[in-house]
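1. kindly generate the corresponding structure for this input.
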Amino acid sequence: MSRAILTAITLERFKSFEAPMRVELAPLTILLGRNNSGKSSIIQSLLLLKQTLEDPRRSLPITLEGFVDAFSLRELTTGWPAAGAIVPGPGISLEWEFLKGVSHRPPDDRLDNVSHHKMRLELEFSELFGQPQLAKFLLSEVRDSGTPTVLLSWPRALEGEENLPWARLDTLVFDHVIPYMPVVPGVGLPLHDEITLSLSHLRNLLTSLKFLSAKRDAPPSLFKSSSVDPKDIGLKGELAAQLLHRRQHDMVHYPMPLDATAEHARPPTKVREAPLLEAVNDIFKALSVTAPLSIDTIRDIGFRVLFGNASLPHVGQGLASLLPVVELGLLSDPYCFSDEGGDLSLDDYNDFTETISHLALEEPEGHLHPKVQSLLTHWLVSLAMASRRLIVETHSDHMVRRLRGLVARAGAGSELEKWLLENVVIIEVEQDAQGRSTVHHSRLTATGSLAERWPADFMDEASDEDTAIFYAGLQKTPEGPPAEVEHDVGDEPEDAP
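-> Residues are numbered from 1 along each chain as shown. Alright, predicted model coming up:
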């Protein structure tokens, strides 16, 4: 088996990303930026490929109906070009890694015969007489030297590859954007095993991606029971209650939010096993939601979701919005709904896990109290430490400040400090006056700052306002402000986490 992870996305001519822009992904990737800066476009590029690969019409190179919805490919192309015979469209490149040869629950904690593969796929689309087409397919493996080796290219083999069996592209057929070569006697050979394996991993990564939109529908007081098990909670969390009702007694495995006090921060050491409903209450309690959640089944009619004695619509939008976020984290458990015989240590859980779950969340902090936003950060970190990779688009100052506070409070040289420094990337997306988006990557420092760049107009807003309030208050005192003190509200914030 293998453990595959998505490590980077490069966008070109995709919506506001005109020039090629590479976005590095980590176990916990935080996307920041102003409204309409291009943050959502990064996640949408993955959703576009996901909905394409899930479309039963295998001959379509790209599907423009779904969560990412467009009238034409030109609508997704930078500048909205005019119609023409041939119109160059967006380019999306993906990088992923996988370990080949990992066996389930390796004896004596040894991994034998393991090989590490780093892959890159470059896709380009165009519009031909109004119809979207795949214009370029280039699959490469990145060797240890860092130089990519081309394994497969389309529409024609690159120079020097004509004699390779997998470069005989006259019989190549595409399942959306994933190629295969039908075996026809005397005509073609099957694709090389390494190519088939690497593309299989990519397909699984994209189709299994779990996503939760910032949009939420108002929940009803009474839910109709689902006649079949929902496969997931829905893109907007609209099926969260039905799934919880149907699978409330089935086992899930999850870490508790990491423990943090004013002085210390410690990572989770255990992954719990519990029925889904109990797990939801576990996490809610850790996020300071004290009212217990329960399911009230009304025979032959449906069911209600209760917090204490109040039904879901009557406890406020915050808890209704938080429920899908919590469920998504629990359902991303690679052992979801299987009984593993009890709790596991975090190390054993990660060693035994055969797949890495990928999640994308838009504004999970929506409608939440600042304290809950901060505590939600604890759980996102714990999830990312337990065989998950998260992309989180957020406007929450509280969540980013809490990340800074966690690394600052982690012991010097501790396991948690090392993990946060190596596995959290903060990406600022900004747009220039011409509407073109760029990205800037940064990492946390051990003192709770950002190593490369301070996001503009984000974390300094609160500190600038506090300082402005302080000095405005001094103006109203009889003594006035101290004469020797100067202040510039545009200074970079120096607040301690």
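2. contact partners of stretch 434-450?
-> 15-19, 21-24, 37-38, 41-42, 78, 403-405, 407-408, 412, 417, 420-421, 424-432, 451-453, 496-497 (C-beta atoms under 8 Å, 6 or more residues apart in numbering). (Glycine included, C-beta is placed from N, CA and C.)
3. switch to 6 Å and redo it
-> 16-18, 21, 23-24, 38, 404, 407-408, 420-421, 424-429, 431, 451-453, 497 (C-beta atoms under 6 Å, 6 or more residues apart in numbering).
4. those residues in strands, which ones?
-> Among the contacts of stretch 434-450, the residues falling in strands (DSSP state E) are 21, 23-24, 424-429, 431.
5. out of those, which comes closest to residue 282?
-> Nearest to residue 282, judged by C-beta to C-beta, of the ones in strands among the contacts of stretch 434-450 is residue 424 at 24.1 Å.
6. in this structure, which spans are helices?
-> 39-53, 193-207, 240-247, 276-286, 317-331, 346-352, 370-384, 397-409, 415-423, 459-475 (DSSP state H).
7. quick one: contacts for residue 60?
-> Contacts of residue 60 (C-beta under 6 Å, 6+ apart): none.
8. swap in 7 Å and give it another go.
-> The contact partners of residue 60, taken as C-beta atoms under 7 Å, 6 or more residues apart in numbering, are 52, 176.
9. measure it to residue 326 for me?
-> Residue 60 sits 35 Å away from residue 326, going by C-beta to C-beta, to the nearest Å.
10. over to residue 154?
-> Here residue 154 is placed at a distance of 43 Å from residue 326 (C-beta to C-beta).
11. out of those two, which sits in the more crowded spot?
-> Per other C-beta atoms under 10 Å, whichever of residue 154 and residue 326 has more neighbours is residue 326, with 26 against 16.
12. report pLDDT for the more buried one.
-> Listed pLDDT for residue 326 reads 97.
13. same check on the one 4 residues further on?
-> In the predicted model, residue 330 carries a pLDDT score of 97.
14. before we move on, the earlier item: got CSV for the helices of the chain, with distance to residue 99 too?
-> Below are those laid out as CSV (distance: least, C-beta to C-beta, whole Å):
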stretch, distance to residue 99
helix 39-53, 22
helix 193-207, 10
helix 240-247, 30
helix 276-286, 29
helix 317-331, 24
helix 346-352, 12
helix 370-384, 19
helix 397-409, 28
helix 415-423, 17
helix 459-475, 37
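15. neighbours of the closest residue to residue 97 other than its chain neighbours, how many?
-> Spatially, and ignoring its direct neighbours in sequence, residue 97 is nearest to residue 118 (5.0 Å; C-beta to C-beta, 6 or more residues apart in numbering). Residue 118 sits with 17 neighbouring residues when counted by other C-beta under 10 Å.
16. from residue 42, how far out is residue 118?
-> 21 Å.
17. just to revisit the earlier point, where among the helices of the chain is average confidence lowest?
-> The stretch with the lowest mean pLDDT among the helices of the chain is helix 459-475, at a mean of 76.
18. next, the angle helix 397-409 makes with that one.
-> Computed by axes from the mean of the first three to the mean of the last three C-alpha atoms, to 10 degrees, the angle separating helix 459-475 from helix 397-409 equals 100 degrees.
19. run the chain-centre distance for helix 459-475.
-> 35 Å (C-alpha atoms, centre = their mean, to the nearest Å).
20. what do you get for stretch 305-312?
-> Taking mean C-alpha positions (C-alpha atoms, centre = their mean), stretch 305-312 and its chain are 30 Å apart.
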